[in-house]
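> sequence unknown, structure follows:
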């Protein structure tokens, strides 16, 4: 039986929560003139794509003030890192939900529609409710924009984040698991008060904004760690990022919890791992303390989310959930953990689109993610020969990704996601040729590229060919959308 959490500890002051929820409910009844339909909300959000990113928390803090501070209505955990954030966020929420908590998760980017980003009780909120939340955020943004100087204005991501935080309060959630968008220090999600910070991993990406080294990037992400809080670290953390984590924790008197990686069981192939480890600060003398067991029991569960990288993500999620529950003196329930593992599947990550021929979509979009994907290909495809469908954005390290993935592929179809930032298929083919790979075709339309690759796989007399489409979350979203549209014809 799932233990009942100490809700007074989990939800904070009851009077504070009630007051914040009441204020948010009042603001929920007001929005920009007219009814905000899903179509109107999507059109408005798309109109903001042209204005790009603007760093800083001032606009977001003003938005929260106008919306009556909805982020204060619930407890929160913040997930930062380079890869695995969406999966880890959803997994934490799934575990906490099964401990009797009304839980929400906020992730980015989406695959098909904006409202995918917000889930309450592991379900996407109703499109009408999400549209109404966007309407409230638009109304607040119009008021904020009037107070800003020059051409400064609320960005698309800030508007989306404000809408999500507002709707979480309107839905009376008890805990929110929030994925940071970019970095951490100046990310819009950092207006939440999250005593628990979860770091998945750190690799080189977005160096233009976050800095040129892993150490710089880790510093930007870990700037969100709260004084006296808890930092939960993923198992495959870069050594330089770990050094930064230890320094930040020491500076802010924060506790560190290290999640173990899941390992394969000896008999039945199920997954087993030790519990997380807490680095105890001891007497604060500065020696870093000793690693001590945080819990002793082992969980043997079969993951629904596929791939070795998802095993690590789930191990991290379990460690984070356990820390949160420990704050309420609530033990982690192994049946709840197993149920979450069985139920949680993240779209677009080793996503099986079709079985014959086997067609897998994965949103790997940088070398670190491509390396994790490559590690999981034997489990996904076995000895099948793979046809690669790949589209990449121009700011990604396409050459390094190709060097990893082409080593396992027999043919490639290079395409372009529907984005003005997409790298041309011809550029990808040129990079592939520099790596000595000649069996490549350029097809700008992703759906046609996938169809051609699947025909190639079908032609194998031995049936030992499969298709992998990867390189961009935008590519995966486009292919998923096309697939669902064809199913509805």
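Nice, thanks for sending it over. Note that the structure is predicted; figures quoted are calculated from it, not measured.
> of all residues in this structure, which one is nearest the centre?
Centre of the chain computed as the mean C-alpha position; nearest residue by CA atoms, centre = their mean is residue 86, 1.7 Å away.
> can you read off the pLDDT for it?
For residue 86, the pLDDT comes out at 97.
> gap between it and residue 409?
Per CB to CB, to the nearest Å, residue 86 is found 25 Å from residue 409. C-beta: built from backbone N, CA, C; applies to glycine.
> what's near enough to touch residue 459?
For residue 459, the contacting residues are residue 465, by CB atoms under 8 Å, 6 or more residues apart in numbering.
> what kind of secondary structure is the nearest residue to residue 82 once chain neighbours are set aside in?
Counting by CB to CB, 6 or more residues apart in numbering, residue 203 is the residue found nearest to residue 82 once chain neighbours are left out, at 4.4 Å. Using DSSP: H, G, I helix; E, B strand; the rest coil, the structure places residue 203 in coil.
> any idea how many residues pack against residue 203?
Number of residues near residue 203 (other CB atoms under 10 Å) recorded here: 20.
> how much space separates it from residue 210?
Relative to residue 210, residue 203 is positioned 11 Å away (CB to CB).
> and for these two, which residues touch both?
In contact with both residue 203 and residue 210: residue 217, using CB under 8 Å, 6+ apart.
> still on that earlier bit, against residue 310, how distant is the residue nearest to the centre of the chain?
The gap separating residue 86 from residue 310 is 11 Å, by CB to CB.
> picking that back up, surely the residue nearest to the centre of the chain meets residue 179?
Yes: in this structure residue 86 lies within contact range of residue 179 using CB atoms under 8 Å: 6.0 Å.
> overlap in contacts, those two.
Residues touching both residue 86 and residue 179 by CB under 8 Å, 6+ apart: 107, 108.
> phi, psi of residue 378?
phi -60, psi -40 (degrees, to the nearest 10).
> cool, and residue 230?
Main-chain dihedrals, residue 230, degrees, to the nearest 10: phi -130, psi 130.
> just the pLDDT for it.
pLDDT for residue 230: 98.
> how about residue 155?
pLDDT recorded at residue 155 is 95.
> isn't it up against residue 55?
No: Residue 155 lies out of contact with residue 55 (CB under 8 Å); the separation is 9.4 Å.
> which SS class is residue 346?
The three-state assignment at residue 346 reads coil, by three-state DSSP.
> that one - how many residues pack around it?
That count, for residue 346 with other CB under 10 Å as the rule, works out to 21.
> and for residue 440?
Counted with other CB under 10 Å, residue 440 comes out at 21.
> was I right to think it contacts residue 411?
Yes: the pair residue 440 / residue 411 is scored as a contact, 7.2 Å apart, by CB under 8 Å.
> strands along the stretch 51-200 of the chain, start to end?
Using DSSP state E, counting those that start in this stretch, the strands of the stretch 51-200 of the chain run over 75-80, 103-106, 118-120, 123-124, 175-179, 196-199.
> point out where the protein drops to low pLDDT.
Along the chain, segments meeting pLDDT under 70 span 1-33, 51-52, 262-303, 488-489.
> let me see the domain layout of it.
Listed by automatic domain parsing, the domain ranges of the chain are 7-343, 351-487.
> run the chain-centre distance for the longest one.
It stands for domain 7-343. In this view, domain 7-343 has its centroid 9 Å away from the chain centroid, taken as CA atoms, centre = their mean, to the nearest Å.
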